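K.L.:
need a structure here:
(2 chains, ligands or ions: 1)
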Amino acid sequence: MAMKGTSTLFDKLWSDHTVCDLENGEALLYLDRVFLHERTGAVALQSLHAAGYGVRDARHVFCTMDHIVDTFPGRGDKTLMPSGSDFILATRRETRAANVRLYDVDDADQGIVHVISPEQGLVLPGLTLVCPDSHTCTQGAIGALAWGIGSSEAEHAMATGTLRVRKPKNMRVMVNGTLRPGVTAKDLILHLIAKYGANGGAGCVVEFAGSAIQQLEVEARFTLCNMAVEFSAFTAVIAPDEKVEAYFEGKDFAPKGEHWRDAVDYWRTLRSDENAVFDIDLVVEAEQVEPAVTWGTSPEQAIGISACIPAAGDYAEAHRQEAATRALQYQGLESGNAITDIAVNAAFIGSCTNSRLSDLRAAAAVVKGRQIAPGVRGVVVPGSRRVKRAAEQEGLHRIFTDAGFEWRDSGCSMCFYAGGETFGEFQRVISTTNRNFEGRQGPNTRTHLASPETVAATAIAGSITSAEMLAKSESLSA
Amino acid sequence: MKPFISHTGVAAPLLQRNIDTDAIIPSREMKRVSKQGLGEGLFAGWRYTMPGSRELKPSFVLNKPEYEGASILLAGDNFGCGSSREHAVWALVEYGIRAVIASGFGAIFHTNCIRNGLLPVCLPEEDIRTLAQALSEDPQNRQVTIDLEQCLVRSGDLEWSFTLDEAARYMLLNGLDPIALTLQHRDLIDKYEQARRREHAWAYAPIENAVEGVLP
Ligand code: SF4
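P.N.:
Prediction:
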């Protein structure tokens, strides 16, 4: 036990879930929830059973169809991905056999795992959650200890209700001040990764703290923590506050009545002590962050909207020079040009990073009354069926479709290429997703990551621009 | 699982940093609901002339005759970052890779390696470059030995020691099934769970009550 008054939020979550310390330096951590999806869930359940194990407590395990399922309106079990329906059918069969609650293709609450787990109240502050998906770190935003694992670990988690884990280090990222208007959590995380590198958080649980974090709404905190894995962190956490309490109150699986009061009492203890000791402390001044866009093929290759595309020679280290040369070539870009000179072929709004109602509202506010630039394809994919319904109630879908966007059913969609749908070879996509890796959105597809506002503005302008720049250029030409 | 004690083989260099699991196996190559049949998809985006094709691209390191039969990969920092897909490890293992030497690994990938008997070795970037350089003249005859009992990497007169955390090393040396090991602690887990349920009933009541109603 740490001395009273020196524990971090992560230390508390860790010690509250430690079943025992193992002789080899690992701890056995208790897991409150396991979430699966159709990409890997069926394999995990199958091979668990093949090895002669069962699921310890199926009531703690959930599964959704998000990765492979199509997002065309009226979709069924058939997918554009060849063999995709094999995954869907196997997942349905295996979850049924194991008595695991499935958010199926046609479920009214289906959606991307990282969108629906808090939306349903299946993850809560102070709980542990694992999922065979690297963006499970998203849920640190509400003060859960949540992290992505592989399939073997998912089997271990289901069979034993625990995982063997070596304790990561504590890192704190203090974000002081206030983000400027038009600057979002997405810009902040891209700024951080660009500044400290794609492995800047390696081996650490990152606690985001400071005034700029407190000011973020809960959904923006999800966006921030979502990309902790792009920073190579084990996961991220943010201390739960009244905004988080308000967010969960009344959710389907949130505690009720006396349980709710117990929960809130406990949640209020979930913060780093004043004298908490962090292994690494980083500081970011919020005012310095501007709308950010990636130019290359690593999330660390991000720049502010007013900057120019760097040259390999701008980097001191040989490995960064090599990476820049390779990225410029893959992306088909010339160094020295302004990022705002880049014309795009497509705009994608969706993914577990930016597909919640507030993201769609922010994008719709930019799009409203405007038209997508000629030749640009725009696609909006709500993160869940609930988000979709709520957006439709507000008429957001009309704003998007009137402007020329496709309005889809919920799922991961073109955040990644599973062999089905893609924007196509050498197509340049401005995207609210989290990964700009080579081939991520399809063979030779070129991805630029940005916030929903920037993606929406870019779709309208036809070349990369921020919402603020779009408004300015329109008032000049008016 | 096959234990890893010591291995000698041809080592092939892929030295850029941040090689992500999408690059190790593109999602489009994960076609079956299975852990098998993934070796073919290993580095598919780089190894073949075109997406979906199986025509080997001669310039890719693993296709060069001098690196034929490579069973060790030399890589840059942060190897296996990105997506948690264990398919990346299954593909490497099926292809015949027994160890990856890099200056850092994606955290999930690292654990996936241990769970599948693939040895992740951490060495400083400079040393990996020195090793790659030393091999490059004649990789087939200048093989690399990795000894996990002594935690040593050896090739010719070059030798480095490395560290791997005790738990991972023990699992690999003995080829253990972690589920069976953990289930030996079942009593402790049960006891912990009972105490936790008493103290934090709020965390379980909603899902347990509701789920009973949902299931047939
Ligand atoms: S939306 Fe994209 S990043 Fe998120 S879980 Fe789906 S595929 Fe992964």
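
K.L.:
B:Arg169 belongs to a helix, doesn't it?
P.N.:
Yes: according to DSSP: H, G, I helix; E, B strand; the rest coil, B:Arg169 belongs to a helix.

K.L.:
residues touching it, list them.
P.N.:
For B:Arg169, the contact set (C-beta atoms under 8 Å, 6 or more residues apart in numbering or on different chains) comprises B:Leu148, B:Cys151. Where you see a C-beta, it was placed from the backbone N, CA and C, and this is true even at glycine.

K.L.:
try the one 5 residues further on
P.N.:
With contact taken as C-beta under 8 Å, 6+ apart, B:Asn174 is in contact with B:Pro3.

K.L.:
Relative to chain A, how far out is it?
P.N.:
Using C-beta to the nearest C-beta, to the nearest Å, one obtains 12 Å as the distance from B:Asn174 to chain A.

K.L.:
Please report phi then psi for that residue.
P.N.:
Backbone torsions for B:Asn174, taken as degrees, to the nearest 10, come to phi -100, psi 0.

K.L.:
host element of the spatially most central residue of chain B?
P.N.:
Most central residue of chain B, judged by C-alpha distance to the mean C-alpha position with C-alpha atoms, centre = their mean, is B:Cys113 at 3.1 Å. In this structure, B:Cys113 is located in helix B:107-115 according to DSSP states H and E.

K.L.:
Run the chain-centre distance for the helix or strand just after that helix.
P.N.:
Per DSSP H and E, helix B:107-115 leads on to strand B:119-122 as the next helix or strand towards the C-terminus. Average the C-alpha atoms of strand B:119-122, do the same for its chain, and the two points are 8 Å apart (C-alpha atoms, centre = their mean, to the nearest Å).

K.L.:
just stretch A:237-244 next, same as before
P.N.:
With C-alpha atoms, centre = their mean, you get 17 Å for stretch A:237-244.

K.L.:
hmm, who's touching that stretch?
P.N.:
Contacting residues not belonging to stretch A:237-244 are listed as A:9-10, A:13, A:125-126, A:140-145, A:205-209, A:213-214, A:217-218, A:221, A:224-225, A:267, A:270-272 [C-beta under 8 Å, 6+ apart].

K.L.:
In the sheet, which residues pair with the closest residue to the residue nearest to the centre of chain B other than its chain neighbours? Tell me.
P.N.:
Distances taken as C-beta to C-beta, 6 or more residues apart in numbering or on different chains put B:Pro120 closest to B:Cys113, at 4.6 Å, once the chain neighbours are dropped. Here B:Pro120 sits in beta bridges with B:Val100, as judged by DSSP bridges.

K.L.:
mind checking how far B:Pro120 is from B:Leu74?
P.N.:
Relative to B:Leu74, B:Pro120 is positioned 12 Å away (criterion: C-beta to C-beta, to the nearest Å).

K.L.:
Common neighbours of these two, please.
P.N.:
B:Ala102.

K.L.:
A:Ser117 contacts A:Phe35, correct?
P.N.:
Yes: in terms of C-beta atoms under 8 Å, A:Ser117 counts as a neighbour of A:Phe35; the distance is 5.8 Å.
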